[in-house]
Each structure stands twice: as C-alpha cells, then as structure tokens.
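Asks: one predicted model, sequence on top.
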Amino acid sequence: MGAFETVVLQSGSGSGSAEGAPLTDTIGGLLGFGSNMGPGETLVAAFIGAFFIGNLMLAMTGVAGPWAKRKITAAFTDRIAVNRVGPFGLLIIVADAVRLLSKELVVPDGVDRPAWDIAPILMAGSAMLGFAVIPMGNGIQLADPETGLVYVFAVSSLASLGLVTAGYASNNKYSLLGGLRSIAQNIAYEIPLVVTAASVVIFAGTLRLSEIVAAQTEPLITIVGVSIPSWYAFVNPFAFVLFMAANLAEVGRNPFDIPEAPTEIVAGYQTEYSSVYFVLMYLGEFLHIFLGGAIIATIFLGGPAGPVLPGIIWFIIKIWAVFLFTQWMRSAIPRVRIDQLIEIGWKGMLVLSFANLVLTAVIVGLIA
Amino acid sequence: MASPWIAIGALALVAIAIPLGMMVVSSLLRPTVEEQGKSATYESGEIPTGSTRIRFNIQYYMVALLFVIFDIETVLIFPWTVIYRSAVGSAGLVAALVPMLVFIGVLVIGLAWAWRNGAVRWVKSPRAEQRRQERQRQ
C-alpha cells in the first residue's frame, strides 16, 4: 500500500496543478497573462477554454448523430446508409443541420410554455457541463476540483429533470408516459452506477479525476515484456461490467430504451418536439452517451493513457469505443419491459453493486 | 492557479449559450405557417380525447420514494470510500470496515422489507391480469 500511495501522491503533485483549472492556466499562459491571473484574466481564459470544450463535444456529436449512427446501424443490418452527399456521405451532417434548423416549430395546444422551452436547453446543457472535469489528455481538462467524480454524476443526472419536464409539459399522453418511464429507469440505475463508481474510489482513494487517472498508470502485471497497466477495468472487471450495463440504462439505449420505445409510445417524451427543440433533445442524448463514455474511460480505462498516440487521441478513441458499444447493443438486443426493468434494476443490479462494494472493501482491506 | 469553479461556471454559461444560439439561428431560418389542426397533440392521428393530467401507476411513486433513501446513502458512502485505504492503515481493518457494513446492512434490510412488501414488484392492473388469464385458457 505504501508504494502505491506514494505513486499516487507523486503523480498528483507531478502534474503541477494540485488545485485548479489546468486548461484555464494553459490558455492564460498562452495569452501572456502570467502565472498570477487576476479575476478578469481568469474569466477570459476560462471562457476560451469552455468554448473549446463545448465545441469539441458539439463537433463529435455532430459526427455521431446524423452520420456515424446511421453508418453503424446500417453495417449491423447489412445496408449502406447515407452515401450520396460528399465522401462517405459525410456532408449529410451539414445538410441535416440546415434541414433540421429550418424546420417549422410546431407548438402544440396547451403546452406548459416556459417549461416546454426550458427542457431541451436543460438536456443539452447538463450533458455539456459534465465534460468540464474530464481529463482528456495533453492537459485538456477545463477544471479539476477535488470533488470531480461526484460533480460529474450530479450534473449528468440533471438530465432526468429535463426528461420529466419535457414529458409533463408536452400535454401529450405518450410524452407523459415516456417521461414517467425515463424517471423510473434513471433512478433505478443511478444507484448501481454511483455505488459501482464508489468501489473504484476505494482503490484510488480520491474523487479528483486527474488523480484517479494517475492511479491507473502503474503496471499491473507484465506478460512476455508487455506490461498491462492497472486500469480499473482489469483490476475490477466485475465493477466494469456492472457500470457498462448501468450506463446503458442511464443513456437510454437498448435493452433499456423503454422511455422512447417507438413501437409502444411513439417517441416518449420527445413526441411533441420539432425543429430546433428536437435537435437539442437529440443532441443532449448523444452528449450523454459521450459523457457516459468519458466517465467510463476516466475511471475504468485509464483516461487518456495509451501507447504511441497522444492522450487526446486515445481519449477520443475510448469514448467512441463506448459509443460503438451502445450502438451495437441497440442493434443486437431486444427491449425489456417496464416490469423487467424495475426488477433488474432494484433486485439485480442494486444487490450486485452493493455486493461489489463490500467485496472490494474487504479485499482492499486485506491486501492493504 | 485559477479556481476550478470559475472555469466550470464559464462552461455552464457556454452550455446555455450554445442551445440558445441554435434557437436564435433556427428562428431566423424557419417558416411559420398558421394552419388549422396542426397544433393538435399527437395521438396516433385521432382527435385527442380527455386531459393529459391522468392518473398513473402508483409504482412510479414507490420507486421514487425508495430512490430518495438510497441516493442519500450513496452520498454518505463516498466520504468513507475516499479515506478507506488510509483508515485501514491507521485504525485497522475492523474499525474501518465494520461500521460501514452495519450501515449498508441496515439499508439492505430496508430493501428486503420493500421487496417483500412488493414496492419493487411491478403490479399489473386487474384488467391486464384478467386478460393474461384469458389468453392462457385459450
């Protein structure tokens, strides 16, 4: 234990930012603000950093939503999908953005007006906010607060609020059902998700995401000259599987896509949304898949760590791998019913996640 | 060394500004055509009947109540997980582990109680149950 802790402490202090906002400091340095930035200079640097992070995620979602999702689903079902506009149909992204933004916004009768408008902003905004604390490699981490892991879970569950607002304010029975279902699903799988993450914190002993990443750099075992890093997916594969399953439910992809369930309740909470509001809800959904991928990459897959390529590239590869996994599940697994969903969540996942927490605590306590 | 929360606050503003910007761009681009019947809520193409503020399954409420309890529990577990390794080193395994086992044990007993009472079992409506039995008889 002694050796392990020293490594954690060294790498924590070695990165040079024990407390603070690495990206903001870097940008401040690039702008020549010096090491002691005033409040105004900090704000400018923070806004530039935030704008960069926001647009990076927006660009990835732009590629994923209108293009990659279609191509992946088509590959699973042996079709071709978009291939007319631009190379590999890539310009469909531009075409779709213009098409969707220029659609007429139909406001249905009797919607709860401010709430109906706020819900899409809440969904897209909350997912984007989560990326603030994710270490993406090469010093690209907007902020690094001491409570990073708790913050990211807190912010990502704000989306549930957007879902229920959308469902209730739409004045549509399908939307109401979809909103209720999504709440039942999100709260049932939120607890296994957080408790499984807590079992990782037992290993790392910190909630700061950069230190959780640093704790995973130590080699676990060396097989014929290749050293395998102690990523928590290797250290605790059971927790990794649990987290992946709970994450599928959190982002609402098969087998847990009953909030939308197109064959049962039209489109659930987003039935009455059109035009730019629909774009925002869709954007929020994909941002959430990427945020889930970013959390998985950070606490289970060593964050931006990887050979040869720079950290940011590895980070993007990892979150796209999780995105590919959700799309694979979407094509491969049938939807569960609501009663099965509640039983799997409360009777299966919850008990398993607590068993995982207690077992991890016992094992770590015995070997420490 | 900049405070992390300034950067997070900046991202919060950006995360609201981007959707608002998209809304503004869309409002400049899109047409608005007044048309009768367009704004009716979608109910599979039929004319909407009744209010949306309907009674819904009590089960949604039951799991929400249960969630509040377990969510508070997770909040209380996190500080323990952070100090656990060093606590085992300084105070020993039993002193670090047993209080949390008791705490989790109480909540697991609570879950078992809710389980036995049927709070996490999806209760089907009498009509759905009746139809299921009719199908089985056929």
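Replies: Structure's in. What do you need?
Asks: what about chain B, any weak spots by pLDDT?
Replies: Residues of chain B meeting the criterion pLDDT under 70: B:1-2.
Asks: quick one, helices of it?
Replies: With DSSP state H, the ranges of helices along chain B come out as B:4-29, B:59-91, B:93-117, B:126-137.
Asks: with mean neighbour count added, can I get those helices in TSV?
Replies: Any C-beta I mention is one placed from the backbone N, CA and C, and that applies to glycine too. Shown next, in TSV, are the helices of chain B (neighbours: other CB atoms under 10 Å in any protein chain shown):
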stretch	mean neighbour count
helix B:4-29	19
helix B:59-91	17
helix B:93-117	14
helix B:126-137	9
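Asks: format those helices as CSV; extra columns: distance to residue A:154.
Replies: Below are the helices of chain B laid out as CSV (distance: least, CB to CB, whole Å):
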stretch, distance to residue A:154
helix B:4-29, 12
helix B:59-91, 10
helix B:93-117, 21
helix B:126-137, 37
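Asks: any chance of the ones you listed in JSON lines with distance to chain A as columns?
Replies: Converted to JSON lines, the helices of chain B look like this (distance: least, CB to the nearest CB, whole Å):
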{"stretch": "helix B:4-29", "distance to chain A": "4"}
{"stretch": "helix B:59-91", "distance to chain A": "4"}
{"stretch": "helix B:93-117", "distance to chain A": "4"}
{"stretch": "helix B:126-137", "distance to chain A": "10"}
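Asks: of all those helices, which one is nearest residue A:342?
Replies: Among those, helix B:59-91 comes nearest to residue A:342, with 6.4 Å by CB to CB.
Asks: and that closest one, how far from the chain's centre?
Replies: For helix B:59-91, the separation from the chain centroid amounts to 16 Å (computed by CA atoms, centre = their mean, to the nearest Å).
Asks: what's that helix packed up against?
Replies: Helix B:59-91 is packed against helix A:173-204, helix A:350-367, helix B:93-117, with contacts defined by 3 or more CB pairs under 8 Å, 6 or more residues apart in numbering or on different chains; DSSP states H and E.
Asks: surely residue A:208 and residue A:141 touch.
Replies: No: counting by CB atoms under 8 Å, residue A:208 does not reach residue A:141; the two are 10.5 Å apart.
Asks: looking at the two, which one has more neighbours?
Replies: A direct count of neighbours by other CB atoms under 10 Å in any protein chain shown for residue A:208 and residue A:141 places residue A:141 higher, at 30 against 22.
Asks: so which residues of the stretch 51-200 of chain A form helices?
Replies: For the stretch 51-200 of chain A, applying DSSP state H, counting those that start in this stretch gives helices covering A:69-76, A:92-101, A:113-130, A:148-156, A:158-169, A:173-204.
Asks: among these, which is the most enclosed?
Replies: Mean neighbour counts were compared across the helices of the stretch 51-200 of chain A using mean count of other CB atoms under 10 Å in any protein chain shown; the top stretch is helix A:173-204, at a mean of 25.
Asks: and that helix with helix B:93-117, angle?
Replies: Here helix A:173-204 runs at an angle of 160 degrees relative to helix B:93-117 (axes from the mean of the first three to the mean of the last three CA atoms, to 10 degrees).
Asks: what about helix A:173-204 and chain B, any contact?
Replies: Yes: with CB under 8 Å from any CB of the partner chain as the measure, helix A:173-204 is seen reaching chain B through A:173-177, A:180, A:183-184, A:187-188, A:190-191, A:194-195, A:198-199, A:201-203.
Asks: that older thread, tabulate the helices and strands packed on helix B:59-91 (JSON lines), appending distance to residue A:270.
Replies: JSON lines is the format used below for the helices and strands packed on helix B:59-91 (distance: least, CB to CB, whole Å):
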{"stretch": "helix A:173-204", "distance to residue A:270": "8"}
{"stretch": "helix A:350-367", "distance to residue A:270": "28"}
{"stretch": "helix B:93-117", "distance to residue A:270": "32"}
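Asks: looking at chain A, which residue lies furthest from center?
Replies: residue A:224 (35.0 Å; CA atoms, centre = their mean).
Asks: what's the distance between that residue and chain B?
Replies: Distance, residue A:224 to chain B, using CB to the nearest CB, to the nearest Å: 31 Å.
Asks: same thing with residue A:253?
Replies: Distance from residue A:253 to chain B, by CB to the nearest CB: 21 Å.
Asks: find the nearest non-adjacent residue to that residue, please.
Replies: Of all residues not flanking residue A:253 in the chain, residue A:326 sits nearest, at 4.5 Å (CB to CB, 6 or more residues apart in numbering or on different chains).
Asks: again with residue B:96
Replies: Using CB to CB, 6+ apart, the closest residue to residue B:96 is residue B:87 (4.0 Å).
Asks: surely that neighbour meets residue B:93?
Replies: No: Residue B:87 is not in contact with residue B:93 according to CB under 8 Å; the separation is 9.3 Å.
Asks: for residue A:223, give me phi and psi.
Replies: Residue A:223 adopts backbone torsions of phi -110, psi 120, taken as degrees, to the nearest 10.
Asks: and for it, the neighbour number?
Replies: 8.
Asks: now residue B:46
Replies: The tally of other residues near residue B:46 (other CB under 10 Å) stands at 8.
Asks: ok, the one 4 residues further on next?
Replies: As a burial measure, residue B:50 scores 8 neighbours (other CB under 10 Å).
Asks: one more: residue A:366?
Replies: Residue A:366, neighbours per other CB under 10 Å, totals 10.
Asks: can you say which of the helices of the stretch 51-200 of chain A is nearest to residue A:250?
Replies: Across those, closest to residue A:250 is helix A:173-204 (CB to CB), at 5.6 Å.
Asks: helix or strand next in line after that closest one, which one?
Replies: Sequence-wise, the next helix or strand downstream of helix A:173-204 (DSSP states H and E) is helix A:209-215.
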